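Asks: this is the structure alone, sequence omitted:
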């Protein structure tokens with residue numbers, strides 16, 4: 001299992017999250033959908049999505065008061 005910066009085992013890797021986008025039938029996905037697909041917590045997926053966003057590998061759009069959608073960038 002991969003570890004994050006503080007030595008804690010990761011439930012899911014950034015690459016796992018990026019790969020999950022390949023199985024989404026829409027151009028965007030929510031953190032909840034990706035978490036269900038990967039069978040991990042939403043918080044684990046959101047941490048990886050935020051990391052991928054900092055790296056410029058995914059983008060996000062807040063589409064409602066609490067709804068956020070994510071998609072891989074062209075470079076991913």
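Replies: On my side now, so go ahead. Keep in mind the model is a prediction, meaning the values are calculated, not measured.
Asks: please report phi then psi for residue 62.
Replies: Reported as degrees, to the nearest 10, the phi and psi values for residue 62 are phi -80, psi 110.
Asks: residue 31: neighbour count?
Replies: Residue 31: 22 surrounding residues under other Cβ atoms under 10 Å. (Each C-beta comes from the backbone N, C-alpha and C, glycine too.)
Asks: give me phi/psi at it?
Replies: Dihedral angles (degrees, to the nearest 10) for residue 31: phi -60, psi -40.
Asks: other residues contacting stretch 16-32?
Replies: Residues outside stretch 16-32 that contact it (Cβ atoms under 8 Å, 6 or more residues apart in numbering): 33-34, 37-38, 42, 45-46, 48-49, 52, 57-58, 61, 67-72, 76.
Asks: if we use 10 Å, what do you get?
Replies: Contacts of stretch 16-32 with the rest of the structure, by Cβ atoms under 10 Å, 6 or more residues apart in numbering, involve 2, 10, 12-13, 33-38, 40-52, 57-61, 63, 67-72, 76.
Asks: mind checking which of those are buried?
Replies: By the neighbour-count criterion of 16 or more other Cβ atoms under 10 Å, those include these buried positions: 12-13, 33-35, 37-38, 40, 44-49, 51-52, 57-58, 69-70, 72.
Asks: ok, which stretches of this protein are helices?
Replies: Listed in chain order, the helices of the chain (DSSP state H) span 14-21, 31-38, 42-54.
Asks: can I get the ones you listed in JSON lines with mean pLDDT?
Replies: Converted to JSON lines, the helices of the chain look like this (pLDDT from 0 to 100):
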{"stretch": "helix 14-21", "mean pLDDT": "96"}
{"stretch": "helix 31-38", "mean pLDDT": "96"}
{"stretch": "helix 42-54", "mean pLDDT": "97"}
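Asks: and the residue nearest to residue 55 when sequence neighbours are not counted, how many neighbours?
Replies: Among residues not flanking residue 55 along the chain, residue 14 sits closest, at 7.8 Å (Cβ to Cβ, 6 or more residues apart in numbering). Residue 14 is surrounded by 18 other residues when neighbours are defined as other Cβ under 10 Å.
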